[in-house]
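**Student:** Below are the sequence and a predicted model for it; my questions follow.
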Amino acid sequence: VLFRSWFQRICMYPLVLLLAVAVARRDRGVRRYALPLCVVGAAISIYHYQLQRFPSQASAVCSVDAPCTAREVDQFGFVTIPFMALCGFALIAALLAGLRPAPDARPD
């Protein structure tokens, strides 16, 4: 759990800084930098979530000391930490995808 959780955090935490700087600078080109972090983080979240849902799978990074199937949070039978991380990455990616490009600065 710790292994994948850290990689999810490694993808999520820089987004805070990237998006804050982009808002402050009104930089709509942030999509080029932030979207790859969202995609990688979402892929890790999906992998971790499916390991929790199907615990019989073998994983090279799971062990007795750090089981991949442990659920620290389990609400409604399906909401776990990897699921929440996936929702966060998906929401940020959707907002970035809907971001319109900056208007052209050239005069007519």
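**Tutor:** Nice, thanks for sending it over. Residues are numbered from 1 along each chain as shown.
**Student:** all helices for the protein, in order.
**Tutor:** Using DSSP state H, the helices of the chain run over 2-25, 31-53, 81-97.
**Student:** now these as JSON lines including mean pLDDT?
**Tutor:** What follows is those, written out as JSON lines (pLDDT from 0 to 100):
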{"stretch": "helix 2-25", "mean pLDDT": "84"}
{"stretch": "helix 31-53", "mean pLDDT": "88"}
{"stretch": "helix 81-97", "mean pLDDT": "90"}
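**Student:** Now tabulate those in TSV and tack on mean neighbour count.
**Tutor:** (Glycine included, C-beta is placed from N, CA and C.) Output for the helices of the chain, formatted as TSV (neighbours: other C-beta atoms under 10 Å):
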stretch	mean neighbour count
helix 2-25	15
helix 31-53	18
helix 81-97	17
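**Student:** tell me the contacts of the closest residue to residue 42 other than its chain neighbours?
**Tutor:** Leaving out its chain neighbours, the residue that sits closest to residue 42 by C-beta to C-beta, 6 or more residues apart in numbering is residue 89, at 4.0 Å. Residues near residue 89 by C-beta atoms under 8 Å, 6 or more residues apart in numbering: 11-12, 38-39, 41-42, 45.
**Student:** how about a cut-off of 6 Å?
**Tutor:** 38, 41-42 (C-beta atoms under 6 Å, 6 or more residues apart in numbering).
**Student:** Same list (these) but as CSV, adding distance to residue 18.
**Tutor:** Shown next, in CSV, are those (distance: C-beta to C-beta, whole Å):
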residue, distance to residue 18
38, 10
41, 13
42, 16
